[in-house]
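Q: What follows is a protein structure lacking sequence information:
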């Protein structure tokens with residue numbers, strides 16, 4: 001006998017309870033829920049703990065064959081799995097569900113399978129599918145002519161296609177940019193990987209590579225043990241080289257990457273890098289060893305940071321290597337820190353409070369270049385810093401405190417111990433005519449003990465000193481912003497600024513009395529025109545009665561901005577503490593200025609300069625500009641300085657007046673960039689205008705879409721530095737998203 005039950009409307013019931021009521025006359029179980037997938041047999045073999053529930057537009061039950069046929073928007077679910085189809089036939093004798101028409105099977109882990117036809121048993125965990133496809137994370141797709149499903153964890157596939165590329169909208173039959181064809185594959189959901197047999201890689205439908213076996217992690221996997229993409233290339237020091245990294249996921253918090261490197265000109269090398277995450281921090285350890293220049297060489301680099309509580313954390317960054325050429329050649333180990341000639345290391349403890357910061361650290365360096373003398377490098381052991389910036393007090397002022405102490409040790413050179421304190425209190429207020437005032441009280445104090453003071457970098461008059469000093473200062477700053485609204489002509493601003501500082505004279509005797517560790521170099525610009533101290537630290541203090549004045553102007557016109565400042569500094573007596581080339585030694589300083597022009601969102605120009613107070617000659621100039629839109633943008637930079645900024649001005653003068661020690665710096669840089677959707681380009685050229693030679697140039701061309709990246713880089717550096725003769729780098733890299741990457745590097 002056949003019983004057919006249909007709801008009053010052809011729409012799918014919104015609740016399975018409605019279907020349960022409709023089939024209550026059919027002996028499907030105590031709760032009117034289907035037990036066909038829970039077990040075989042004609043009786044009511046229903047698991048109360050794991051029933052099958054379904055909804056459909058129409059249901060037909062054949063008592064003679066024990067078949068339940070559901071049609072129209074059929075949806076059945078059991079044990080977290082959901083099966084959807086146009087038609088599902090449940091055989092209670094065999095426990096098989098046969099689904100046809102737009103079949104969709106969703107597992108609890110999020111995996112969704114599509115098929116033309118499916119037969120499922122055992123709670124939908126086992127079965128076969130034809131015309132199967134799957135949508136995976138990261139836009140990946142997997143399709144097969146047929147599939148056999150086992151325990152909901154293994155899918156054995158035949159005639160497989162895999163890709164993460166989108167199909168052409170206008171021609172879906174057109175081959176994607178890349179795809180994998182395989183005679184067979186196994187999708188292992190338990191171990192989260194896909195293995196292929198008889199594999200062929202196609203680009204635009206054309207076979208480009210073949211391998212009998214290939215596997216890759218499931219796209220949902222973020223970390224999976226296995227071989228990473230090899231690196232292949234050539235260099236002047238190594239010849240041809242190839243490296244094959246292996247990535248080992250130790251557990252959920254740690255991993256290890258092992259990389260053997262084979263070269264044709266140098267010996268073999270091996271690199272290992274370990275990472276581990278903790279509840280309160282992380283640890284990285286990298287080490288390498290190799291044979292180069294007839295000797296065994298190596299590197300070690302480790303980095304870590306750990307939170308002690310919500311306020312304090314500690315960390316370290318240690319880098320050591322056998323030689324700079326080894327680091328540059330293999331690009332391993334200490335190459336992580338950048339400059340292979342000077343490797344910094346540090347250990348620190350720091351704390352963060354409300355308006356306060358505290359840090360205790362130690363720093364040391366390893367020099368690998370031939371002209372870097374290890375004995376002259378400083379060892380900072382220890383250094384302490386404390387900073388505090390308070391909230392407004394009852395008088396409306398704010399207190400700022402900076403304190404610190406350090407010990408700098410050199411085997412060959414000055415050893416310095418210093419304790420320092422800087423205190424500042426400032427109170428802003430508004431005058432009767434809209435003018436803005438700020439009164440500031442500032443004080444610096446420091447105590448010194450130094451040995452070998454007569455050696456570098458100080459070259460003082462005697463070997464040992466004990467000294468202390470303090471410098472109180474008071475400043476009054478006045479601004480009068482005069483602004484007007486010009487309607488269609490925007491808003492214009494003219495703002496005169498005057499600052500007067502009163503302090504005892506510090507004098508150039510500081511050069512002979514106090515060590516210098518933090519004020520070895522500086523540049524006088526508009527950015528420090530109104531500073532208490534133009535030096536970057538307090539080992540050199542600017543004192544005396546002095547004033548600074550500037551005129552600031554701006555014009556804001558819709559999206560257009562013009563902003564500029566020109567100023568000068570004055571003092572009652574000259575200060576020989578400043579080198580003559582800085583423009584600050586005389587009673588009247590050089591003129592500093594800044595101009596920023598941004599008429600539209602596709603053009604901005606910023607120019608800074610320092611002009612000789614007597615002749616108007618340019619003593620420093622810096623310009624940066626950017627023109628264009630994201631599709632095409634041009635940038636330019638220029639810097640000029642009359643002396644080498646990387647020199648110790650306390651050093652004795654070089655013997656020759658034309659020594660490069662005082663050579664001017666004059667460089668120009670041009671950059672290009674373009675972003676046309678999937679295509680990106682960037683390039684740069686940097687040239688030394690004094691020597692009329694190139695410093696460096698390079699370019700980077702990238703194509704990227706949803707499944708593919710092609711990256712071509714070229715860079716050439718002409719500057720020779722210590723044992724580094726310059727370099728040329730060519731790199732191309734192809735990335736098949738969700739699969740891996742490969743490329744070639746030439747150095």
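A: Nice, I can see it. None of the values given here were measured: they were computed from a predicted structure.
Q: Remind me what whichever strand or helix holds residue 179 packs against, helices and strands.
A: Residue 179 belongs to strand 178-188 when assigned by DSSP states H and E. Judged by 3 or more CB pairs under 8 Å, 6 or more residues apart in numbering; DSSP states H and E, strand 178-188 is in contact with strand 154-163, strand 193-203. Any C-beta I mention is one placed from the backbone N, CA and C, and that applies to glycine too.
Q: Format these as TSV; extra columns: distance to residue 64, mean neighbour count and mean pLDDT.
A: Listed next are these as TSV, based on distance: least, CB to CB, whole Å; neighbours: other CB atoms under 10 Å; pLDDT from 0 to 100:
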stretch	distance to residue 64	mean neighbour count	mean pLDDT
strand 154-163	35	20	94
strand 193-203	44	18	94
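Q: Take those strands and write them to CSV, including distance to residue 247.
A: Output for those, formatted as CSV (distance: least, CB to CB, whole Å):
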stretch, distance to residue 247
strand 154-163, 21
strand 193-203, 13
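Q: Tell me the secondary structure at residue 165.
A: When the structure is reduced to helix, strand and coil (DSSP: H, G, I helix; E, B strand; the rest coil), residue 165 reads as coil.
Q: is it true that it touches residue 736?
A: No: look at residue 165 against residue 736 with CB atoms under 8 Å: they stay out of range, at 9.3 Å.
Q: correct me, but residue 273 touches residue 299?
A: No: contact status for residue 273 versus residue 299: not in contact, 11.1 Å apart, counting by CB under 8 Å.
Q: Which neighbours do these two have in common?
A: Both residue 273 and residue 299 are contacted by residue 286, under the criterion CB atoms under 8 Å, 6 or more residues apart in numbering.
Q: Settle it for me: which of the two has more neighbours?
A: residue 299 (26 against 20; other CB atoms under 10 Å).
Q: Which strand residues bridge that one?
A: Beta-bridge pairing of residue 299 under DSSP bridges involves residue 288, residue 321.
Q: neighbouring contacts of stretch 467-478?
A: 431, 435-448, 497-504, 506, 513-514, 530, 532, 541, 543.
Q: My error: substitute stretch 371-383 in the last question.
A: 341-342, 360-367, 404-413, 456, 517, 722.
Q: quick one: average pLDDT of that stretch?
A: Mean pLDDT, stretch 371-383: 88.
Q: was I right about residue 686 contacting residue 695?
A: Yes: contact criterion CB under 8 Å: residue 686 and residue 695 qualify, at 4.3 Å.
Q: which residues are common contacts for these two?
A: Shared contacts of residue 686 and residue 695, defined by CB under 8 Å, 6+ apart, comprise residue 667.
Q: nearest to residue 588, of the helices and strands packed on strand 178-188?
A: strand 193-203 (70.0 Å; CB to CB).
Q: Could you list every helix and strand that the helix or strand following the closest one packs against?
A: For strand 193-203, the succeeding helix or strand toward the C-terminus, using DSSP H and E, is strand 206-217. Helices and strands touching strand 206-217, by 3+ CB pairs under 8 Å, 6+ apart, are strand 193-203.
Q: Report all helices and strands that the strand it packs on contacts.
A: strand 154-163, strand 178-188, strand 206-217.
Q: In CSV, list those strands along with distance to residue 223.
A: As requested, those are exported to CSV (distance: least, CB to CB, whole Å):
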stretch, distance to residue 223
strand 154-163, 21
strand 178-188, 16
strand 206-217, 8
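Q: Please identify which of those is closest to residue 548.
A: Taking these one by one with CB to CB, strand 206-217 is closest: 62.7 Å.
Q: for the helices and strands packed on strand 178-188, which one sits closest to residue 593?
A: So among the helices and strands packed on strand 178-188, strand 193-203 is nearest, using CB to CB, at 56.8 Å.
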